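Undergrad: Sequence first, then the predicted structure:
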Amino acid sequence: MTGELSGYDAVAEARSVRNVLDIHWSRICSRLQTEVGEVEYRTWLKQISIGPVDGDEITLNLPTRFLRDWVRTQYGDRLSALWNAELPSIRRVELQVGRPEPVAEPEGAADDEVGSADAAPAAGAVDERVAEARSELNRHDLAAPLDPRFTFDTFVVGKPNEFAYACARRVAERPSSPGFNPLFLYGGVGLGKTHLMHAIGSELTRGGKVSVAYMSAEKFMYRFIAAIRSQSTMEFKEQLRSVDVLMIDDLQFLIGKDNTQEEFFHTFNALVDAGRQIVVSADKSPSDLSGLEDRLRTRLGCGMVADIHATTFELRISILESKAAASGVPVPAKVLEFLAHKITSNVRELEGALNRLIAHANLFGRPVTLEATQDVLHDILKAHDRRVTIEEIQRKVAEHWNIRLTDMSSARRARAVARPRQVAMYLAKQLTSRSLPEIGRKFGNRDHTTVMHAVARVTELMERDSAFAEDVELLRRMLES
Ligand code: ADP
Ligand code: MG
């Protein structure tokens, strides 16, 4: 009896471990799907089934050796990283040829759905995969489709991106002009490189006479490798060399991928020699892209190199204004300012935050307010938060009311100076753990009773004057940790 019981427990336990792994795996799969795209995912990654975990290693099964090798070289590192991010105890991924792992059954246990569910792999799977890969390749255009939202009209121009914008416009108007070929756009994540490339593509294809191929460097590599696997490299090369404009996004991805780089280099030369336009983007300038072959790097720097700088507060406001206006949902200027202050890293995040606010407003039919913003974006804002100091409070408050920072500790008592100083004291009390005497000292050695008075005065004013209250709230939220 006892033996049977523990046998049953072992099965139950093995199953629950499997369930947990399955949940992690399905999350990893959906990540992979968005990262590599539907076609690549279906062709290669969907064939993976998870096997057992042994210590810090998980086994993943693929039905054929060909698939196993391919997935290992192309996705091995990514799979390990994703598993490790899901389950930190897993540090390595072992790729094996095998069937999906059935849950261990104790001796004598009856057959059930877990054991019998797995069909044997089809014979001739390699040929099938090659055929499948080839038909996938043919079914889908060589290039990725252009996003209709990314046009010159929807691109907001400001100091940090005006040069890149002007170059992109120029290429869209007169492709293959000497001096602008290749056009090399570079800048940090989410600053508009892809947007500008799509804008060039849309503009050029509008007339219908120019053929444009846009793809990420990653896609370029997948296509290239898939072409090799399906023995159709000639087709691939011909297709590429027949376009008028070739755009390759995120070229940094080709670092370390020597064969693909080589192929790109030849394609590049063939196209430029034939008077076609190349547009390339990367996260760094050609000279900083170490790991790229020298001759490719040299050629990339031969045309026009344009960088997109980090956004300024002004540009962030303009972008938010334009996106808010396009959405049709009224968003108060204070909310836009707040977002532009808080989310400074890149435009994608800024846009994401605004979109979420707008979606909430639409869903619940509530107006967008500073309160609601704080609530709805709680998680995003928290990630951007940090400890606030009295010096920062003084600086922000002085900036807000346009007074000198030194007036925070000066003896001047004019209202225009004294009121902001009181607000700064109030915020110091609210946002830091400093005592009243400590705060007083930071404000030109004032007495703690002065600070107490400031706190009381600001509280009272906030109750009476809602515009003032909103100002203080805005400052508080900007500073809050
Ligand atoms: P990158 O390719 O440089 O990482 P993207 O072009 O994908 O960045 O831009 C990220 C998001 O931000 C996109 O939705 C894009 O439309 C938007 N975006 C970036 N810069 C601007 C801009 N100047 N005006 C309008 N939208 C922008
Ligand atoms: Mg991009």
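TA: Looks like it arrived, so ask away. Ligands and ions are numbered 1, 2, ... in the order given.

Undergrad: helices or strands next to the helix or strand harbouring residue 82 in the packing?
TA: Counting by DSSP states H and E, the element that carries residue 82 is helix 65-86. Other helices and strands packing on helix 65-86, by 3 or more CB pairs under 8 Å, 6 or more residues apart in numbering; DSSP states H and E, are helix 2-36, strand 57-62, strand 92-97, helix 125-139, helix 217-229. The C-beta positions use only the backbone N, C-alpha and C, and glycine is treated the same way.

Undergrad: can we see that at 7 Å?
TA: Here helix 65-86 touches helix 2-36, strand 57-62, strand 92-97, helix 125-139, going by 3 or more CB pairs under 7 Å, 6 or more residues apart in numbering; DSSP states H and E.

Undergrad: tell me the secondary structure for residue 143?
TA: Under DSSP: H, G, I helix; E, B strand; the rest coil, residue 143 falls in the coil class.

Undergrad: related to what we said a few turns ago, relative to helix 217-229, how tilted is the helix holding residue 82?
TA: With axes from the mean of the first three to the mean of the last three CA atoms, to 10 degrees as the basis, helix 65-86 and helix 217-229 are set at 160 degrees to each other.

Undergrad: what sits up against helix 65-86?
TA: Outside helix 65-86, the residues within contact range by CB atoms under 7 Å, 6 or more residues apart in numbering are 24, 27-28, 31, 44-45, 47-48, 58, 60, 62, 90-93, 95-97, 126, 129, 225.

Undergrad: same thing but at 6 Å, please
TA: Outside helix 65-86, the residues that touch it by CB atoms under 6 Å, 6 or more residues apart in numbering are 24, 28, 44, 47, 58, 62, 90, 93, 95, 97, 126.

Undergrad: Take the residues you listed and lay them out in a markdown table including distance to residue 261.
TA: A markdown table is the format used below for the contacts of helix 65-86 (distance: CB to CB, whole Å):
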| residue | distance to residue 261 |
| --- | --- |
| 24 | 34 |
| 28 | 28 |
| 44 | 22 |
| 47 | 28 |
| 58 | 32 |
| 62 | 27 |
| 90 | 32 |
| 93 | 26 |
| 95 | 25 |
| 97 | 30 |
| 126 | 28 |
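
Undergrad: Report the buried residues of the helix holding residue 82.
TA: 66-68, 70-72, 74-76, 78-80, 82-84, 86 (16 or more other CB atoms under 10 Å).

Undergrad: Equivalent analysis for stretch 301-317, please.
TA: Here stretch 301-317 shows 303-309, 311, 315-317 as buried, counting by 16+ other CB under 10 Å.

Undergrad: sorry, back to before: specify which member of the buried residues of helix 65-86 is nearest to residue 201.
TA: For the buried residues of helix 65-86, the residue nearest residue 201 by CB to CB is residue 74; the value is 26.6 Å.

Undergrad: Tell me which residues touch the closest residue to ligand 2 within the stretch 51-200 of the chain, please.
TA: Here the stretch 51-200 of the chain gets closest to ligand 2 at one residue, residue 194, 3.2 Å apart by CB to the ion. By CB under 6 Å, 6+ apart, the residues touching residue 194 are residue 249.

Undergrad: Check which residues of whichever helix or strand it is part of are buried.
TA: Element membership for residue 194, per DSSP H and E: helix 193-206. Neighbour-count burial for helix 193-206, counted by 16+ other CB under 10 Å, picks out 193-205.

Undergrad: One more: stretch 219-237?
TA: Going by 16+ other CB under 10 Å, stretch 219-237 has these buried residues: 219-227, 229-230, 232, 236-237.

Undergrad: Mind checking the pLDDT average for it?
TA: The pLDDT scores in stretch 219-237 average 87.

Undergrad: and stretch 348-366 with ligand 2, contact?
TA: No - on the criterion CB under 5 Å from the ion, stretch 348-366 is out of touch with ligand 2, staying 8.8 Å away.

Undergrad: Same question for stretch 160-180.
TA: No - on the criterion CB under 5 Å from the ion, stretch 160-180 is out of touch with ligand 2, staying 12.8 Å away.

Undergrad: Quick one: end-to-end distance for that stretch.
TA: Using CA to CA, to the nearest Å, one end of stretch 160-180 lies 20 Å from the other.

Undergrad: what about residue 180, is that helix, strand or coil?
TA: Residue 180 ends up coil, using three-state DSSP.

Undergrad: which residues pair with the closest residue to it other than its chain neighbours across the strands?
TA: Excluding its sequence neighbours, the residue lying closest to residue 180 (CB to CB, 6 or more residues apart in numbering) is residue 304, at 4.8 Å. Beta-bridge pairing for residue 304 (DSSP bridges): residue 183.

Undergrad: Next up, the contacts around residue 304.
TA: Residue 304 touches 167, 180, 183, counting by CB under 6 Å, 6+ apart.

Undergrad: In terms of distance to residue 443, which of these ranks first?
TA: Closest approach to residue 443 among the contacts of residue 304 (CB to CB): residue 167, at 50.0 Å.

Undergrad: Find the nearest non-adjacent residue to that closest one, please.
TA: Looking at residue 167 with CB to CB, 6+ apart, the closest residue is residue 306, at 4.5 Å.

Undergrad: Now do the phi/psi pair for the one you found.
TA: Backbone torsions for residue 306, taken as degrees, to the nearest 10, come to phi -130, psi 130.

Undergrad: Return only those of the buried residues of helix 193-206 found close to ligand 1.
TA: Restricting those to those near ligand 1 by CB under 6 Å from any ligand atom leaves 193-195.

Undergrad: Would you mind listing what in the stretch 301-450 of the chain touches ligand 1?
TA: Applying CB under 6 Å from any ligand atom, one finds that the stretch 301-450 of the chain approaches ligand 1 through 319, 347-348, 351.

Undergrad: Return a selection command, for use in PyMOL, containing the buried ones of those.
TA: Selecting only the buried entries of those in PyMOL, with 16+ other CB under 10 Å as the criterion:
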select buried, resi 319+347+351
